[in-house]
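Peer 1: quick check, what structure comes out for this input:
(chains A and B)
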Protein chains: 2
Amino acid sequence: MGGDYYGYRGVAAELLRSAGAVPGDRVEISSGGRRFAGILMPREALYGDRPFIVVKLDNGYNVGVRVSPDSVVRVLEKRRVVERKPMAAAGPGAKDLPRVKLLGTGGTIMSRVDYETGAVKPLLSVSDLLEWVPELRDIAAIDAAEILSIFSEDMEPRLWGRVAEHVYRALVDEGYDGVVVAHGTDTMAYTAAALAFAVRNPPAPIVLVGAQRSSDRPSTDSALNLVAAFLAAARGPFAESVIVMHGETGDGAAYVHRGVKARKMHTSRRDAFQSINDKPIAVIDPYSGEIRITGRILRRRGDPGGPVLMNRFEEKVALIKIYPGISPEVIDYYIDHGYKGLVLEGTGLGHAPNKLLGSIERAVEEDIVVVMTSQCLFGRVNMHVYATGRRYLHAGVLPGGDMLPETAYVKLSWALGVAGDPGEAKRLMLENIAGEYNPRHTLDLYPRWGI
Amino acid sequence: MGGDYYGYRGVAAELLRSAGAVPGDRVEISSGGRRFAGILMPREALYGDRPFIVVKLDNGYNVGVRVSPDSVVRVLEKRRVVERKPMAAAGPGAKDLPRVKLLGTGGTIMSRVDYETGAVKPLLSVSDLLEWVPELRDIAAIDAAEILSIFSEDMEPRLWGRVAEHVYRALVDEGYDGVVVAHGTDTMAYTAAALAFAVRNPPAPIVLVGAQRSSDRPSTDSALNLVAAFLAAARGPFAESVIVMHGETGDGAAYVHRGVKARKMHTSRRDAFQSINDKPIAVIDPYSGEIRITGRILRRRGDPGGPVLMNRFEEKVALIKIYPGISPEVIDYYIDHGYKGLVLEGTGLGHAPNKLLGSIERAVEEDIVVVMTSQCLFGRVNMHVYATGRRYLHAGVLPGGDMLPETAYVKLSWALGVAGDPGEAKRLMLENIAGEYNPRHTLDLYPRWGI
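Peer 2: Model (predicted):
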């Protein structure tokens, strides 16, 4: 009786063992007159003695179902083994493989539930990674380091600086042929922009990758994204900070998005990341290994210009969304609390209510750098067209062109961090540093909505 | 010599007169060794004596070029008369025309430069409107009232209440068959959502319409949008608050977007408005007059449920964009300044940094209603999947489902305005009032990005 069963003990272990249920199976639990159906999860050993069985419901929510000896557990469907078609055509002989450094920061992609032991394991040893995605052996000689272990929603500007330093060291001091940064998807685009500004003139690709679905789900995108990311880092001709994520095209390709022009546009889809006001740089077929260039490459491997690490980010920068009821006192708050920069996510062509103008003028007078962007996301700010825009320009607000509000926020944090004075920061804001301004918009940059 | 010439006097009038240039012509002005080319604009009489000629440059910027008797004005191209194909199939006989009330609030659509007199004229007399878009005579018997005259970036929650009252009176007390609200595009979606909540159970369509390009430009969308809006108001089967704007399909159709599910997604394109997490309700062909239903109609003309005006909006509500460097003190600011509601525009599935949790808990303890939405815009919040989401749920944050952040902000302002206490406001927030929650997402709701 008893004994540890995937972390469960006592009555819970007993019920599961007699039903022949193992984690990953779809089970039904009848207990106390109620029924729950879901995927059986392993139990953290610490809680194993409690009379609960944990199942993942169809909505993704884990619930603990209280059980007693009278409860009934029934297996509805055995765990599906996620079968994968092998990816990535063999590269050159093992001796000649490009060297890629994997930097782990946390997030869905770097963890998986190990159904055999019941533990949630980080995937940070290279041997674990290669065991799980053996195709990577043919793509690169991989070293890995865990530099952070956080949820990406907890990322902060000072941590961007740390990630940038690791990236710079790997590419410049350690001479890797590319870097892959595993990152949670929530704030991946902010970090991708930060690395684009902080690691100037990189000699090789800086590739951010994540997963929208964890590796314990049949629809997981983590293996495909990892293969594509390592292909991009090892063989991609672009020496820029990019995001490589699932493109959800029929045959399962991944897209390479320029870090300063990408955005997470869906909460749950695997093709959540999209290029805004720019085309993806490339599409990667992880099965054939082909990297098809679809957009502009702004910097290539071996391009002139020595790498420079500029990884100071100013923390006192705010991203302020404009909305009809916003009070000028909100702007005053930032002025009075020592903020050095404000990015306004304005309306339309780059507007904000005229009642904010006095506070914005005060901010500029106090040497705070204020940048206007648009909550439309697509298109570019043009503050010359209407009187309101001209007034904000006249007040000293910098037009953000076609920069995403999020990119403008990261860039302003960087510009204020590395510049000696606000004037220099303003000059950097207007300069096209890493392709954050796209001077040429074509009609096809606006996605097509179905009806 | 001299005399008023389209508002110009003195040397400017002299130069223009001898060149035969009239406002709307493309002209080149050579003056003081520099050349400027653009569209000649009329002069406001007040400034007519000054030696400047105003031209609209290709970037949309108006500049005043200083001129002297030595300057040269040359006409590059005569003003193009904007020729339009007549729109809208004839309706029923004039006696039976539906009655539609036009409420003017300001914005690009309701003004045009009159090149003959040089004045910027509001289009608010019905005879002006019918002279400019004669097709409207066949669609509806139109009355008009100017209820506001503001740029839409200056719209405020208390003004939503006023617009709602006018809409309610027109539909209920005055018995119009539909209402058209002319509105600037910057904050049109916010107002459309406000009307959806404030005018409950409307008996007929509430149609918001605007223009992305003013009527003095050959690419103007204002006539097409107006015809489509009046068709929607006069003949549309939907009794909901909708936005009718250009759809930019090949043949120039307009889309009908549900007000609570629409967003301005481009700074300058005519098809800037798009439905998010929902399909457009209908497509209108302004040439044939056909209204083709493409989405769900949630309320129809004549549906049961008497109309109710609930037009109080709480001003102390904030829409807060979450970003990596955000400080908990920002949340504290709103708590300490008497805010009653906060809408967080979180990351991914509905997350915010864990460091904000203490301040959010404090907000909830002080009876502030806090709602989580996602800056992804597409998809829905699911706060059960990751630990951070569960922590915010546990702290009392309401999940915003698939509501747009902007809609959630308007709704919270409304819920707090009309509810007797925060508990009632929370109940309203979770209830599907006007289709702001779409329970069923299909794959085609996510637009396709080209590569």
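Peer 1: which residues in the stretch 51-200 of chain A form helices?
Peer 2: Secondary structure of the stretch 51-200 of chain A (DSSP state H, counting those that start in this stretch): helices at A:126-132, A:157-168, A:188-198.
Peer 1: and these: which comes nearest B:W414?
Peer 2: helix A:188-198 (31.9 Å; Cβ to Cβ). The way it works is simple: take the backbone N, C-alpha and C, and place the C-beta from them, glycine included.
Peer 1: show me what that closest one is packed up against.
Peer 2: Counting contacts by 3 or more Cβ pairs under 8 Å, 6 or more residues apart in numbering or on different chains; DSSP states H and E, helix A:188-198 packs against helix A:157-168, strand A:206-209, strand A:241-246, strand A:262-264, helix A:405-418.
Peer 1: how distant is that helix from the center of its chain?
Peer 2: With Cα atoms, centre = their mean, to the nearest Å as the basis, helix A:188-198 stands 10 Å off its chain's centre.
Peer 1: on that earlier part again, please identify the most buried of the helices of the stretch 51-200 of chain A.
Peer 2: Of all the helices of the stretch 51-200 of chain A, helix A:188-198 has the most neighbours on average by mean count of other Cβ atoms under 10 Å in any protein chain shown, namely a mean of 28.
Peer 1: tell me what angle that helix forms with strand A:241-246.
Peer 2: 150 degrees (axes from the mean of the first three to the mean of the last three Cα atoms, to 10 degrees).
Peer 1: got the angle for helix A:188-198 vs helix A:157-168?
Peer 2: Using the same axes, to 10 degrees: helix A:188-198 against helix A:157-168 is 60 degrees.
Peer 1: where does A:S18 sit: helix, strand or coil?
Peer 2: State at A:S18, reduced to three classes by DSSP: H, G, I helix; E, B strand; the rest coil: helix.
Peer 1: now it. Nearest residue, chain neighbours left out?
Peer 2: Nearest non-adjacent residue to A:S18, counting by Cβ to Cβ, 6 or more residues apart in numbering or on different chains: A:V73, 7.7 Å away.
Peer 1: run through the bridge partners of that neighbour.
Peer 2: A:V73 has these beta-bridge partners by DSSP bridges: A:I29.
Peer 1: so it sits right up against A:V22, yeah?
Peer 2: No. Assessed by Cβ atoms under 8 Å, A:V73 is found out of contact with A:V22, at 11.5 Å.
Peer 1: those two - which one has more neighbours?
Peer 2: Counting neighbours by other Cβ atoms under 10 Å in any protein chain shown for A:V73 and for A:V22 shows that A:V73 has the greater number, 24 against 18.
Peer 1: who are the contact partners of the residue of the stretch 151-300 of chain A found nearest chain B?
Peer 2: The minimum distance from the stretch 151-300 of chain A to chain B, using Cβ to the nearest Cβ, falls at A:T267 (3.3 Å). Contacts for A:T267 (Cβ atoms under 8 Å, 6 or more residues apart in numbering or on different chains) come out as B:G348, B:L349, B:G350, B:S374, B:C376, B:F378, B:G379, B:R380, B:V381, B:N382.
Peer 1: contact partners for the residue nearest the centre of chain A?
Peer 2: Among the residues of chain A, A:M188 comes closest to the average C-alpha position under Cα atoms, centre = their mean, at 2.4 Å. Counting by Cβ under 8 Å, 6+ apart, A:M188 touches A:S152, A:L208, A:G210, A:I243, A:K264, A:F273.
Peer 1: closest one to B:G417 out of those, please.
Peer 2: B:G417 lies nearest to A:K264 out of those, by Cβ to Cβ, at 32.6 Å.
Peer 1: quick check: that closest one touching A:S275?
Peer 2: No. The pair A:K264 and A:S275 does not pass the contact test of Cβ under 8 Å, sitting 11.9 Å apart.
Peer 1: these two: which has the busier surroundings?
Peer 2: A:K264 (28 against 25).
Peer 1: what pairs with that one across the strands?
Peer 2: A:F273.
Peer 1: quick one: is stretch A:291-302 near chain B?
Peer 2: Yes. Using Cβ under 8 Å from any Cβ of the partner chain, stretch A:291-302 reaches chain B at A:T294, A:G295.
Peer 1: against chain B, how distant is A:V381?
Peer 2: Taking Cβ to the nearest Cβ, to the nearest Å as the criterion, A:V381 is separated from chain B by 7 Å.
Peer 1: check contacts around that residue.
Peer 2: Contacts for A:V381 (Cβ under 8 Å, 6+ apart) come out as A:G346, A:L349, A:G350, A:M372, A:T373, A:S374, A:P399, A:G400, A:G401, A:D402, B:T267.
Peer 1: with distance to B:L428 added, can I get the residues you listed in CSV?
Peer 2: Output for the contacts of A:V381, formatted as CSV (distance: Cβ to Cβ, whole Å):
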residue, distance to B:L428
A:G346, 29
A:L349, 34
A:G350, 34
A:M372, 34
A:T373, 32
A:S374, 31
A:P399, 39
A:G400, 36
A:G401, 40
A:D402, 38
B:T267, 33
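Peer 1: please work out how many residues are found near the nearest residue to A:K355 once chain neighbours are set aside.
Peer 2: Ranked by Cβ to Cβ, 6+ apart and with sequence neighbours excluded, the top spatial neighbour of A:K355 is A:P328, at 5.8 Å. Using other Cβ under 10 Å, A:P328 is surrounded by 15 other residues.
Peer 1: got it, and A:P304?
Peer 2: A:P304 has 6 nearby residues by other Cβ under 10 Å.
Peer 1: ok so, going back, in PyMOL, select just the buried ones from the contacts of A:M188.
Peer 2: Of the contacts of A:M188, the buried ones go into a single PyMOL selection, burial set by 16 or more other Cβ atoms under 10 Å in any protein chain shown:
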select buried, chain A and resi 152+208+210+243+264+273
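Peer 1: tell me the confidence at A:Y115?
Peer 2: pLDDT for A:Y115: 52.
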